[in-house]
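Trainee: Dropping the sequence and predicted coords here.
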Amino acid sequence: MKILIGTPINQVKDYSMERWLENVSRLEYPADFLMVDNSTGLDYVEKVKGYCQKYGIKNYQIKHVEFDPAMIPDEKIERSEELIRQEVLARGYDAWFSWECDQIVPTNTLNKLIEMMNSGNFTVVNCNSWARKNPTENNTDLGCVLIKRECLEKTSFLNNGQRFFGNDAWFKIRALKNGSNYLEAYGVINPIYHLDG
């Protein structure tokens, strides 16, 4: 499968960025890599480029988008995820590996996600971690998820003018309504470290 690793990034997650990019550099499955930076200004883009150079990451792009500073973080994230979705569709990728920049995963994670996706012909495979502040609560966002192109062709991250709070959950609901089949399997990818700042 031709895969795009794509994630929104912001300077507020710098506490995890270097460690995460080291993790990205060790991933076993070959994939292209796109980060959508929604920080204010371009300073953080330069810092992330330095991390990529340090860990030998070459097959990456960073797209910077400047949003209204008053925009709520959830809306910035969802609009950034929409840009990644559009990149998957425009560049002929088979799937998007949505991998949050504060989650450290085993190096064979993408191989396992592809294997699970193929085993049941799923269009979405979510093997996320526990919630950062409460390890007894499952994290329901798109932190470690493989999404097939056919799902992304039918389902956008833009929520028809609704509030953007919790939009990852709304994306899942819309994907199911649009005919996607969804596997959610907590604990299959183990360990996942959900870093905190």
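Mentor: In hand now; what should we look at? Numbering: from 1, shown residues only.
Trainee: Do me a favour and get the end-to-end distance for stretch 88-102?
Mentor: One end of stretch 88-102 sits 22 Å from the other (C-alpha to C-alpha, to the nearest Å).
Trainee: Quick check, residue 19 in contact with residue 104.
Mentor: Yes - at 6.4 Å, residue 19 and residue 104 qualify as touching, with contact defined as C-beta atoms under 8 Å. Any C-beta I mention is one placed from the backbone N, CA and C, and that applies to glycine too.
Trainee: So between those two, which is more surrounded?
Mentor: Set residue 19 next to residue 104 and count neighbours by other C-beta atoms under 10 Å: residue 104 wins out with 17 against 14.
Trainee: Could you give the bridge partners of the more buried one?
Mentor: residue 193 (DSSP bridges).
Trainee: circling back: could you pull out the residues contacting both of residue 19 and residue 104?
Mentor: residue 195 (C-beta atoms under 8 Å, 6 or more residues apart in numbering).
Trainee: Is the most centrally placed residue in the chain in a helix, a strand, or coil?
Mentor: The centre of the chain sits closest to residue 98, judged by C-alpha atoms, centre = their mean, with a distance of 2.5 Å. Under DSSP: H, G, I helix; E, B strand; the rest coil, the three-state class of residue 98 is strand.
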